[in-house]
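Engineer: this one's sequence-less:
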């Protein structure tokens, strides 16, 4: 892998870490503040989502380190890097689900960029990691969108 190609993969990984970390935070806010008739189901679903995301972010950041670069950190830095917007604390349950669906769609876009960069560079390990994460977030999207129907 050339240094320039490697940097494309690292940059894409860093974006996925930032977007994933932002999604953890947004999912936590929804978990804490959800209200209404769907409270129990959504409270549990949101907890399952952020619980699954936390070790995934660790794996992504460690992949950056394995490629010889430093993982991004710090809340302000990760927030500035992320493409995921924040939700209002008083959002309705339906707004929360729609917001998290949009966040997962954003993350899938970042993951596809990573997958393609890794594939172009011949980095099969990172490509495989991206594909596995895409599958997780596509399943989450299916569940969130099903709730909105």
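Structural biologist: All right, it came through fine. Model, not experiment: these values are computed from the prediction.

Engineer: Could I get the buried residue list for stretch 24-40?
Structural biologist: 24, 25, 26, 27, 29, 30, 31, 33, 34 (16 or more other C-beta atoms under 10 Å). Yep, even glycine has a C-beta here, placed from its N, CA and C like the rest.

Engineer: in this protein, which residue is closest to the centre?
Structural biologist: For the chain, the residue lying nearest the average C-alpha position, counting by C-alpha atoms, centre = their mean, turns out to be residue 20 (2.8 Å).

Engineer: if we take the buried residues of stretch 24-40, which one ends up nearest to residue 125?
Structural biologist: Top of the list for closeness to residue 125, among the buried residues of stretch 24-40 and by C-beta to C-beta, is residue 24 at 23.4 Å.

Engineer: Could you check the pLDDT of that closest one?
Structural biologist: Note for residue 24: predicted pLDDT of 97.

Engineer: how far does the one helix or strand it maps to sit from the chain's center?
Structural biologist: When elements are assigned from DSSP states H and E, residue 24 belongs to helix 3-33. In terms of C-alpha atoms, centre = their mean, to the nearest Å, the centre of helix 3-33 is set 5 Å apart from its chain centre.

Engineer: Give me the below-cutoff pLDDT ranges for this protein.
Structural biologist: With pLDDT under 70 as the threshold, the chain has low-confidence stretches at 1-5.

Engineer: where do the helices sit along it?
Structural biologist: Counting by DSSP state H, the chain has these helices, from start to end: 3-33, 39-66, 75-81, 93-121, 124-148.

Engineer: Next, format these as JSON lines and append distance to residue 87.
Structural biologist: As requested, the helices of the chain are arranged in JSON lines below (distance: least, C-beta to C-beta, whole Å):
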{"stretch": "helix 3-33", "distance to residue 87": "6"}
{"stretch": "helix 39-66", "distance to residue 87": "12"}
{"stretch": "helix 75-81", "distance to residue 87": "13"}
{"stretch": "helix 93-121", "distance to residue 87": "5"}
{"stretch": "helix 124-148", "distance to residue 87": "13"}
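
Engineer: if we can go back for a sec, of the buried residues of stretch 24-40, just say which sits nearest to residue 121.
Structural biologist: Of all the buried residues of stretch 24-40, residue 121 sits closest to residue 24, with 27.4 Å by C-beta to C-beta.
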